[in-house]
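Colleague: I would like the atomic coordinates for the input below:
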Amino acid sequence: MMIAIWLAFAPKQAGGLASYIIVIGNSMEPKFHIGDLVIVHAESAYQVGDAIVYRNLELKKFVFHRIIAQEVGRYTLQGDNNSWVDTYEPTYEEVIGKLWLHIPKGGRVIQKLRSPFTMALIAGVVGAILATSLFIHKSKGNNHMNQKTVREAFASITQKAKGWLSKTESSEPQKPSNSHQGSILEGSFFALGLIALSSLILGIIAFSRPASRIAQDDISYEHLGVFSYSASTPQGVYDSNAIKSGDPIFTRLTCSVDVNFQYSLIAPQAEDITGTYQLTAVISEPISGWQRVVLLQDEASFTGTAFGSNAKLNLCEVESLTQSMEQGTDYHPGAYTLVITPNVKLAGEVSGHILESNFNTGVTFRYDRVHFFLVKDEEGGNPLTLTETGILHEQRTEANTMLLFGSEIAIPALRLTALFGLIGSLSGLVVLGLKLQTLSRHNQIQFLRIRYDSMMIDIENAPATALSPMIDVSSMEALAKLAERFNAMILHHEWSNLHMYYVRAGGTTYRFVMKIDETEAAVSDASLEAVHQGDGS
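Modeller: Residues are numbered from 1 along each chain as shown. Take a look at the predicted model:
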């Protein structure tokens, strides 16, 4: 039971799984209110729909919200009562745990208990209870566990240990005695009982959790597009008689530009990739929203993860489109934007998952009525090298796991372990019980030895009874109760065909006698009144 309580409620700071959170906001209403206590457990994985507590490094506090999406190791969260999504997306390491137990108004109780006055009051009450119990214990005059008794008990244990060592050091094999059999049987009962209880606790924990869960695989892939352009030009304007990628293009010098585009799909285990592409040029005026599309080539198909394409761009034709718009509308903007896009559409498989994606990121030029020039990237990267990352979300069903003592163990395995452990231990207890029942019918002496071995000592001579009255009891169970009551050992003496058992307490000797060849005890005609008189003396 202590192990089960530890697993369920021990805080993380003490090596357990639980974390205690007091709700201080209304973002999770109507189910969770201010002052409620939320207990969360650390899990091996979290999924959409789970209410979790995470550490928000921006706010520098813990937040209790619900997962609404998952992206490449990060979780997107939102409060049940919020209309907006959390700006901070925690990783798995920043998640404290998943909701396990909700105690309405439990946080208020804890806050009251943590006040100095309440803590002092509790400490005073506990101290008073301990002092009272100690005083009552002393007032009873229960001195059967005095120093002499402790010394005797220690001497008995030492003597048993020496006897066991002397037996183990002997080279001759010895037949196990009844005492050893009793110890083995008692240990077997204890071990099987412990296994049964542990299996029951493990079964309750395992069967209270789902056997499977929905897991999400995030597989990332990347589109890579590299543009380049070139054109011939008269000498004396550029370093050479050709325009290279990155140079401005003056329409008075040339109208025809060769555009080259190289595409690659970067993805793990990409298979059966097919698709189409078509280079287009879009001239637009961003303020008014006017635009015209110029097709640079017909739509073409490709197979595989890479292809290359070339097309001719007539800048004079683009310039004439802008002039026609200005003449027809009498609107004369200062500049235009020209974007060349590849319009890639592809499909296939990536790591066994279906892929359908588009790549429409293009290279951008500005036109100011005199020349076209490349728009630089604000981050300082190469504006002709374009990338775009995509993610495949694939859900699958997998075995649920539980974080137990720092290791992830599958719930189905825990269930099987609990069932086999419970069935095996209970079967063992039944077998041992039947064995004891059979032994009690056929060998009462050995049965008594096994049953009361932990409180029995063999002696060579019968105890002297000249100075203390002798009272015979009717059964071994009664003698054992007296031994437990007076915290005394049962003394066993074997003489001829008789087995005599004694308990000495309070100046009185209690005795139970049994013959070897009888299955029932041969006891003297002692009444319960004599037992009570012996106890009183």
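
Colleague: check contacts around Y502.
Modeller: If you count contacts by C-beta atoms under 8 Å, 6 or more residues apart in numbering, Y502 has them with A462, P463, I490, L491, H492, H493, T509, Y510, R511. The C-beta positions use only the backbone N, C-alpha and C, and glycine is treated the same way.

Colleague: in CSV, list the residues you listed along with distance to N56, neighbour count and pLDDT.
Modeller: Output for the contacts of Y502, formatted as CSV (distance: C-beta to C-beta, whole Å; neighbours: other C-beta atoms under 10 Å; pLDDT from 0 to 100):
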residue, distance to N56, neighbour count, pLDDT
A462, 79, 13, 78
P463, 76, 15, 77
I490, 66, 23, 89
L491, 71, 19, 89
H492, 70, 18, 88
H493, 76, 17, 87
T509, 75, 21, 88
Y510, 72, 27, 89
R511, 76, 22, 90
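
Colleague: return the member of those nearest to D377.
Modeller: Set against D377, the nearest of these by C-beta to C-beta is I490 (92.7 Å).

Colleague: quick check: the gap between the closest residue to that closest one other than its chain neighbours and R74.
Modeller: Distances taken as C-beta to C-beta, 6 or more residues apart in numbering put M456 closest to I490, at 4.6 Å, once the chain neighbours are dropped. Noted for M456: a distance of 67 Å to R74, by C-beta to C-beta, to the nearest Å.

Colleague: of those two, who's got more company?
Modeller: M456 (19 against 15; other C-beta atoms under 10 Å).

Colleague: so the residue nearest to I490 touches H492, yeah?
Modeller: Yes: applying C-beta atoms under 8 Å as the test, M456 and H492 come out as touching, 5.4 Å apart.

Colleague: any shared contact partners between these two?
Modeller: In contact with both M456 and H492: Y501, using C-beta under 8 Å, 6+ apart.

Colleague: need the strands for the stretch 101-250 of the chain, in chain order.
Modeller: 212-232, 242-243, 249-250 (DSSP state E, counting those that start in this stretch).

Colleague: dump these to JSON lines, plus mean pLDDT and distance to T387.
Modeller: Output for the strands of the stretch 101-250 of the chain, formatted as JSON lines (pLDDT from 0 to 100; distance: least, C-beta to C-beta, whole Å):
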{"stretch": "strand 212-232", "mean pLDDT": "87", "distance to T387": "5"}
{"stretch": "strand 242-243", "mean pLDDT": "88", "distance to T387": "25"}
{"stretch": "strand 249-250", "mean pLDDT": "91", "distance to T387": "25"}
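
Colleague: ok, which of the ones you listed comes nearest T438?
Modeller: When these are ranked by proximity to T438 (C-beta to C-beta), strand 212-232 comes first, at 46.3 Å.

Colleague: what packs against the closest one?
Modeller: strand 61-71, strand 242-243, strand 256-266, strand 344-350, strand 353-359, strand 385-399 (3 or more C-beta pairs under 8 Å, 6 or more residues apart in numbering; DSSP states H and E).

Colleague: same for the first one, what does it pack against?
Modeller: I take that to be strand 61-71. Short answer (3+ C-beta pairs under 8 Å, 6+ apart): strand 61-71 packs on strand 51-56, strand 74-78, strand 212-232.

Colleague: how does it look with 7 Å?
Modeller: strand 51-56, strand 74-78 (3 or more C-beta pairs under 7 Å, 6 or more residues apart in numbering; DSSP states H and E).

Colleague: turn these into CSV, including mean pLDDT.
Modeller: Listed next are the helices and strands packed on strand 61-71 as CSV, based on pLDDT from 0 to 100:
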stretch, mean pLDDT
strand 51-56, 91
strand 74-78, 90
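
Colleague: need those in CSV (columns: distance to S232).
Modeller: Converted to CSV, these look like this (distance: least, C-beta to C-beta, whole Å):
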stretch, distance to S232
strand 51-56, 59
strand 74-78, 50
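
Colleague: now for V503: which residues touch it?
Modeller: Listed by C-beta atoms under 7 Å, 6 or more residues apart in numbering, the contact partners of V503 are L479, L482, A483, A488, I490, Y510.

Colleague: how is this protein divided into domains?
Modeller: Residue ranges for the domains of the chain, per automatic domain parsing: 2-104, 217-398, 455-536.
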